[in-house]
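Visitor: Structure, please.
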Amino acid sequence: MNHFDRRLNIAWWALRLGLAAEQIAAGTDKFFNKLTDWTMYLSPVATKVVPVEPSRFIHAIGIVEILIGVCLLTRWTTIGAYVLMLWLMGIVVNLLTSAAFYDLAVRDFEIAIAAFALAQLSAARSAAAQHTAAHAAA
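Guide: Residues are numbered from 1 along each chain as shown. Purely as a prediction, here's the structure:
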């Protein structure tokens with residue numbers, strides 16, 4: 001592996017571990033509300049559409065976020081990263097429709113871009129590994 005490849009690999013690990021840790025931590029906190037009261041981030045549109053009370057909905061969100069974080073740490077990193085990107089874009093829409101928390105919407109949009117970058121790096125890393133294995137077998 002040349003020097004450039006090592007730098008890409010370091011970037012891949014940093015994004016993978018950082019995004020996974022953030023998802024698992026935020027998802028877990030949806031049950032404890034130590035970081036914040038997560039229900040305040042639900043837009044009025046979401047609270048009208050969702051058929052359960054906001055705290056139960058937040059718990060479901062927490063489970064999804066934990067699962068996404070775990071997925072990022074498995075062999076399904078690419079898929080997990082794309083799911084995370086879409087998930088975060090949904091959160092951005094929720095925050096924008098709340099007519100508040102625009103700063104968080106921008107932050108989550110930027111994290112969605114990081115998730116996209118992780119998905120692309122994961123796909124490239126996988127293709128390179130397959131290419132190397134094919135050449136070693138030949």
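Visitor: helices and strands around whichever helix or strand residue 66 is part of, which ones?
Guide: Counting by DSSP states H and E, the element that carries residue 66 is helix 54-72. Packed against helix 54-72, as judged by 3 or more CB pairs under 8 Å, 6 or more residues apart in numbering; DSSP states H and E, are the following elements: helix 3-29, helix 77-97. Quick note: C-beta positions are derived from backbone N, CA and C, even for glycine.
Visitor: Can you list the buried residues in the shortest one?
Guide: By 16 or more other CB atoms under 10 Å, the buried positions in helix 77-97 come out as 77-78, 80-85, 87-88, 91-92, 94-96.
Visitor: Please list the outside residues in contact with it.
Guide: Contacts of helix 77-97 with the rest of the structure, by CB atoms under 8 Å, 6 or more residues apart in numbering, involve 16, 19, 23, 41-46, 64-65, 68, 71-72, 74, 101-102, 104-105, 108-109, 111-113, 115-116, 118-119, 122-123, 126.
Visitor: Quick one: mean pLDDT for that helix?
Guide: The average pLDDT within helix 77-97 is 97.
Visitor: Now list the buried members of the contacts of helix 77-97.
Guide: 16, 19, 23, 41-43, 46, 65, 68, 71-72, 101, 104-105, 108, 111-112, 115-116, 118-119, 122.
Visitor: Show me the shaky parts of this protein.
Guide: Within the chain, the ranges that satisfy pLDDT under 70 run 1-4, 138.
Visitor: returning to what we had before: out of the buried residues of helix 77-97, which one sits closest to residue 131?
Guide: When these are compared for distance to residue 131 (CB to CB), residue 78 wins out at 16.1 Å.
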